[in-house]
Structure formats: structure tokens, C-alpha cells
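> The following comprises the amino acid sequence and a computationally predicted model.
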Amino acid sequence: MTEGKQSKIKAIIFSLLPLIVLLMSAEGLVRLFSLDRPTIVAGGSGVGFTTFVQSDIDLGWSMIPNSNGETRGKPVVVNSLGLRSPEIGAKKPGEYRILSMGESSTFGMGVANDETYSAQLQNLLRERVTSRPVTVINAGLSAYSSYQSLTYLKLRGLGLKPDLILFYHEVNDYLPSTIRDTEMNEVGVLRTDKELYGSRLRRINGILDKYSALYRFLAFTYANYKIGQLNREKIDNPISDIGLPPELQVGGFIGKAGDEEEGAGIDLNTMALGRRVSESERLENLQELASISRENGIELIVIHPSYAHSKPHECLLTRFCREEDVRMFEAYPSLHPEEVRREYMYLDFWHPSGFGHQRLAEGLADFIGEQLLSASPG
């Protein structure tokens, strides 16, 4: 190395020394006075990291392979792939595989593994189709958004070689960003699922967040500033766009970090913070889902979900399916039969009962049998 180059390098190093000393001093002061702490904590979706759920760098959270647990007293058995399905081996010759993706209604909140509509659908199709083996794989998980299921499909689901994808997503996309199970502080609640889990900088941010108190302090300070601006905006409850009563409380728990009292000292307009999946992101997710299905020769059925207080409605999903010629199964008739009282169909505002799952499986079996399997090669 020439003397000229050495001199330049030394000059750069010496010019950076004051900045390095300043940053190290700031880091020390932040640590000394514990300024790198969040001031807001949100309650999440209620899934939490239970005996069968874990943090997942790509998806936010996922189920722990080969784990067991329960959902409202009903057993949950998770296979070696982290799915609420029996073990899945190599695809058999002629086998027709259905990958069922969705939120807690697909996962089966409050029902046993064999009571989920995916498991019951498999039994019904096997009874009706004897010319080839049929397998329905339940890849649903509570509190998942359409972004999370789409990401699962790209990273892991395609490897299961499905012939048909069922996609059941609505209400979680419309819920506030405060209802989620990871990074529930002022930084996390400002981001959509895509911004939170899909950013290329996420791993770098994670390293800085883990090791630098100064970085944490700056991130929390900026987030609180943004929240202060957004908190003044008035935003209507977006669930009214999907046939649900706008008075339903879906804001989630918000409180001061370190304070166990719910909502202590916090007056936060959760609607203004934004949805977990924005309207444009939801459309992009559906478009990408349809594109991936076409490119891989996979049939696609988008299920239009229905909840206890749903009303028949037009929305982004119904318009997308109609305009893009994507098959759509309307769940409302199956989950709101005239002859059955609502409390027999649902466990609560959102989740079908075992009987609700049965009716949904029957409707899907009819729809799939008429539209697809009857024309599929044996």
C-alpha cells in the first residue's frame, strides 16, 4: 500500500473518531438512564405463544412441529411439519391434494382436529371420490392474515404439491395493527403485516434492536411522534366494509408498557394506526395468490368467510373473484342456514362450532365435487 493511500485511510479514521465517540457516549447514556424502553404495549390477538405456537422469523408465528396443546378444552395435535393435520408423506400417484389455508376458522378454534372443516371435507370427498386418493391439508392458524398465508404458500406450501388451494381470509386483514402477536409496541403497531414481516431490512433491524440501546431509543421516539400525529385522525371502523356491525369492538388491549392495568393512561385511536393488511395490500395478496396458482397449475377456490354477525355483502374479495374469474365459495349460506339458530353454528362472534364446521365442509364438498373433481382425471 502506498504512503498516499495509508494517509487517506488514517485521515478517514481520525475524521470518524469524534462521531464514534459521540455514538458510544449516547449509547452509554441511553443504557444508564434506561431510555430504550417501549412506552406502549398492545394485547395481541389472544393466540399468544402457547405450548404449540412459536415465534417465526418469516411468518410472525407458527405452530411447533410435533407439539400438543388445546383450544378451549379441545385437543390440538400438530404434525412434524407444524400443521394441524395427520402426517403428510410423499404424494401418491393420482393423489388429489387440497391445501386449506386461513385464519382461526380454518385452524379450528374451539374444535378438535377431526372436527375442523378441512378434516371433515377430506372424509366427505373420500366417500364421494373412490377413483383416486384425496388429502386435505389444514395449514390454517389463528390470527393469520392473508399476507401470512400467502407467505406460507410461497415458502412452504408449494412444497406439499397441492392440486387445489382453499383460501379463507377476511376479518384479520381488517383488524387494527394492535391485534397481532409479535412486536406489540409503538414500533410494531405502526406497520402492516407486510411491513412488519416482509421487510428485507427486518433481520438487520432485528440485530440493531437486539444490541443497540440507542437504536431502540430512536425507533421508539420516532414511532411515538408518528402515533401522536395519527391519533388525531378520525377513521371509520373498516369491518363495516365486510358486512359486520361497526360497533363490534376490535381495537384490542392497549396499555402502558410495564403496567398491568388495561388501557392505563393510554388514549389511542387504534383505527388511525391502520389495518394489519391495507386495502391495496389485500388486493395485491389476492392477485399474487391467483398468479402463483396459475403458474403452478393449481386450482384455486377463494372462500368468502362468514362470521356470526355477518350480512351478505359485496367487498374487495367478491369484486376480485368476479373480475378476475376466480372461483369463489360463499360461506354465508352454509354458516347461516335458516332452519338453525345462530348459537348452534358459532361458538362466539367469529368461530364456527363443530356443527358449523360440518355444514361448511358439506357445502365445500358439493362445490368442489361439482366444479373440479368430477372433471379431474382418475
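Structure received.

> OK, contacts around the closest residue to Leu335 other than its chain neighbours?
Spatial nearest neighbour of Leu335, chain neighbours left out: Ser306 (4.6 Å); criterion: Cβ to Cβ, 6 or more residues apart in numbering. In short, each C-beta sits where N, CA and C put it, glycine included. Contact partners of Ser306, counting by Cβ atoms under 8 Å, 6 or more residues apart in numbering, are Glu330, Ala331, Tyr332, Ser334, Leu335, His336.

> Chain neighbours aside, what residue packs nearest to the second one?
Yep, that's Ala331 we're talking about. Ser306 (4.3 Å).

> quick one: secondary structure of the one you found?
coil (DSSP: H, G, I helix; E, B strand; the rest coil).

> quick one: the strands in the protein?
Counting by DSSP state E, one finds strands in the chain at the ranges 40-42, 53-56, 60-63, 68-71, 74-77, 96-102, 134-138, 164-168, 254-256, 299-304, 327-330.

> I'd like the ones you listed laid out as JSON lines, including mean neighbour count.
Converted to JSON lines, these look like this (neighbours: other Cβ atoms under 10 Å):
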{"stretch": "strand 40-42", "mean neighbour count": "23"}
{"stretch": "strand 53-56", "mean neighbour count": "16"}
{"stretch": "strand 60-63", "mean neighbour count": "22"}
{"stretch": "strand 68-71", "mean neighbour count": "15"}
{"stretch": "strand 74-77", "mean neighbour count": "16"}
{"stretch": "strand 96-102", "mean neighbour count": "25"}
{"stretch": "strand 134-138", "mean neighbour count": "24"}
{"stretch": "strand 164-168", "mean neighbour count": "26"}
{"stretch": "strand 254-256", "mean neighbour count": "18"}
{"stretch": "strand 299-304", "mean neighbour count": "22"}
{"stretch": "strand 327-330", "mean neighbour count": "18"}
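
> so which of these comes closest to Gly354?
strand 74-77 (8.9 Å; Cβ to Cβ).

> For the closest one, name the packing helices and strands.
For strand 74-77, the packing partners by 3 or more Cβ pairs under 8 Å, 6 or more residues apart in numbering; DSSP states H and E come out as strand 68-71.

> hmm, who's touching the strand it packs on?
Here strand 68-71 has contacts from 50-53, 75-78, 107-111, 142, using Cβ under 8 Å, 6+ apart.

> Need the mean per-residue confidence for stretch 237-245.
Mean pLDDT, stretch 237-245: 87.

> Which residues belonging to it are considered buried?
Neighbour counts using 16 or more other Cβ atoms under 10 Å place Asn237, Pro238, Ile239, Ile242, Gly243, Leu244 of stretch 237-245 among the buried residues.

> Extract the CA atoms of it and return them as PDB.
Output of stretch 237-245 as PDB, limited to C-alpha atoms (Å, rounded to 0.1, in the frame of the first residue of the first chain):
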ATOM      1  CA  ASN A 237     -64.300   1.000  11.600                       C
ATOM      2  CA  PRO A 238     -63.300  -0.900   8.500                       C
ATOM      3  CA  ILE A 239     -65.100  -4.100   9.400                       C
ATOM      4  CA  SER A 240     -68.300  -2.400   8.300                       C
ATOM      5  CA  ASP A 241     -66.900  -2.900   4.700                       C
ATOM      6  CA  ILE A 242     -67.200  -6.700   5.100                       C
ATOM      7  CA  GLY A 243     -70.800  -6.900   6.400                       C
ATOM      8  CA  LEU A 244     -70.000  -6.700  10.100                       C
ATOM      9  CA  PRO A 245     -71.600  -4.300  12.600                       C
END
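
> Touching it from outside, list them.
Here stretch 237-245 has contacts from 170-171, 174-175, 246-248, 250, 271, 275, 307, 309-313, 315-316, using Cβ under 8 Å, 6+ apart.

> Please repeat the previous calculation with a cut-off of 6 Å.
For stretch 237-245, the surrounding residues in contact (Cβ atoms under 6 Å, 6 or more residues apart in numbering) are Glu170, Tyr174, Pro246, Arg275, His309, Ser310, Lys311, His313, Cys315.

> Emit the ChimeraX select command for whichever of those are buried.
In ChimeraX, this line selects whichever of those come out buried by 16+ other Cβ under 10 Å:
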select :170,174,275,310
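
> So which of the contacts of stretch 237-245 sits lowest on pLDDT?
Pro246 (81).

> so Pro305 makes contact with Glu170?
Yes. Pro305 is in contact with Glu170 according to Cβ atoms under 6 Å; the separation is 4.2 Å.

> ok, Val340 to Trp61 distance?
Distance of Val340 to Trp61, given as Cβ to Cβ, to the nearest Å: 34 Å.

> quick one: buried residues of stretch 89-96?
Under 16+ other Cβ under 10 Å, the buried positions of stretch 89-96 are Tyr96.

> What lies in contact with that stretch?
Against stretch 89-96 from outside (Cβ under 6 Å, 6+ apart): Arg132, Pro133, Val134, Lys161, Asp163.

> Then stretch 185-195?
With Cβ under 6 Å, 6+ apart, stretch 185-195 has contacts from 38, 40, 42, 145, 147, 177-178, 219-220, 223-224, 226-227, 273, 276-278, 281.
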